[in-house]
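please work out how this folds:
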Amino acid sequence: MDRQVWTEHARLRDASRERGPTELDIDTGVHNEERSPMSAIRPTDRDFLLSEISFDELVEIQLEAESREWGTRWTSVEALRSQVAEAPLLLKSLLREERNGFVRAYRCLALFSPAGSPPEGPARGADQSSYDDSNAGSDLGSAVATTDAPDEDTSPHAPSQGVTGLVTVDIDPVRYASLRRIDRDPDVRRALNRKFSLALRRGSMVVKQ
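So this is what the prediction gives:
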């Protein structure tokens, strides 16, 4: 593994030990294992993360979860493909699962376009460079446009344009450390946080097949 990734992994491990005292003892759904304590990741924590990943990376995360028999996953890659469009996804850190003083997995919210929707990810067609910190102040792309707009109609008769799905995924700490942050600019972080908040308010959580 690349030295920079391992360095970041060590930094995240140390950051997890600096968390606040509040912990959530949550059933993680992991097969054949006891429940592990989980702590919420706050936006001010050093290991908080907003990132964009490709569909192929999501498949890799799914395969890693299958190999570890983690419960927070799809039943198969085929089931994943039946629900998720082959487009970029947005990730937001949510919880740390800890065991014996070490982070075992990071649970993240994943915002995605459902299978069969137009070929534009939850970033509305913006590629990864749209979130480059060097251009963040002027090149938020459609993320700001969609999150700063007035709240959308969430009635049953509301237009289906821009529909997104939301799930939780568990990510190995080493892979988590390798993810590229896209939220270092305050405006980008605000816009993307609002995007997740709107998805939660719309009831976009999807039950994995």
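
helices or strands next to whichever strand or helix holds residue 170 in the packing?
If you go by DSSP states H and E, residue 170 is part of strand 165-171. In terms of contacts (3 or more CB pairs under 8 Å, 6 or more residues apart in numbering; DSSP states H and E), strand 165-171 is packed against helix 55-68, strand 89-99, strand 102-112, helix 186-201. From N, CA and C alone the C-beta is placed, and that goes for glycine too.

list the buried residues in the third one.
What it means is strand 102-112. By neighbour count on 16 or more other CB atoms under 10 Å, the buried set for strand 102-112 is 103-112.

could I get the helices and strands packed on strand 165-171 as a markdown table with mean pLDDT?
Below are these laid out as a markdown table (pLDDT from 0 to 100):
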| stretch | mean pLDDT |
| --- | --- |
| helix 55-68 | 96 |
| strand 89-99 | 94 |
| strand 102-112 | 95 |
| helix 186-201 | 91 |
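
what would those look like in CSV with distance to residue 170?
Shown next, in CSV, are those (distance: least, CB to CB, whole Å):
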stretch, distance to residue 170
helix 55-68, 6
strand 89-99, 7
strand 102-112, 4
helix 186-201, 17
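
can you tell me which of those is nearest to residue 78?
Counting by CB to CB, residue 78 lies closest to helix 55-68 out of these; the figure is 10.3 Å.

quick check: next helix or strand after the closest one?
Where DSSP H and E defines the elements, the next helix or strand beyond helix 55-68 is helix 77-83.

give me the residues contacting that next one.
58-59, 62-63, 74, 114-115, 165, 206, 208-209 (CB atoms under 8 Å, 6 or more residues apart in numbering).

how about a cut-off of 7 Å?
59, 62-63, 74, 114-115, 206, 209 (CB atoms under 7 Å, 6 or more residues apart in numbering).

filter these to the buried ones?
Using 16+ other CB under 10 Å as the burial test, those include 59, 62, 74 as buried.

was I right to think the last one contacts residue 170?
If I follow you right, that is residue 74. No: counting by CB atoms under 7 Å, residue 74 stays clear of residue 170, with 11.8 Å between them.
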